[in-house]
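Participant: When you get a sec, could you give me coordinates for this:
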Amino acid sequence: MPRPDLAETAEPVTTAECWLEPAPREPEDPRAFLSTKCSPHVQRLPEELRERLMDEVLAGARRGVCLPTWRSTFLVHRVSR
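Facilitator: Model prediction:
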């Protein structure tokens, strides 16, 4: 959304660049994260099997739980008056 307070002072844009960079993240508490994400599936199980499922999922994640997130970067070049 344009900012009216900058409209009169903003210099014209000559070029703009945008790119994505991998920025994987590991949740602080993998068990809580997976419990939330897997909740619809976990809730279908009998209560006595829910913890066992989470144990097995975490055991299968040998390299940890990593979220494949991306960081977007914008670079804008302006003309000086």
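Participant: How much space separates the most centrally placed residue in the chain from E56?
Facilitator: Nearest to the geometric centre of the chain sits T69, at 4.2 Å (Cα atoms, centre = their mean). Distance of T69 to E56, computed by Cβ to Cβ, to the nearest Å: 25 Å. Where you see a C-beta, it was placed from the backbone N, CA and C, and this is true even at glycine.
Participant: for L75, same thing?
Facilitator: As defined by Cβ to Cβ, L75 lies at a distance of 45 Å from E56.
Participant: Verify the stated contact: the residue nearest to the centre of the chain with P24.
Facilitator: Yes - if you go by Cβ atoms under 8 Å, T69 and P24 touch, sitting 6.3 Å apart.
Participant: What is the longest helix of the protein by residue count?
Facilitator: Assignment by DSSP state H gives helix 47-60 as the longest helix of the chain.
Participant: Show me which residues of that helix are buried.
Facilitator: 50, 54, 57 (16 or more other Cβ atoms under 10 Å).
Participant: for it, packing partners?
Facilitator: helix 30-37, helix 39-42 (3 or more Cβ pairs under 8 Å, 6 or more residues apart in numbering; DSSP states H and E).
Participant: ok now the first one, how far from the chain's centre?
Facilitator: Same thing as helix 30-37. 15 Å (Cα atoms, centre = their mean, to the nearest Å).
Participant: Look at R63 and tell me its secondary structure.
Facilitator: Under DSSP: H, G, I helix; E, B strand; the rest coil, R63 falls in the coil class.
Participant: Perfect, that will be all.
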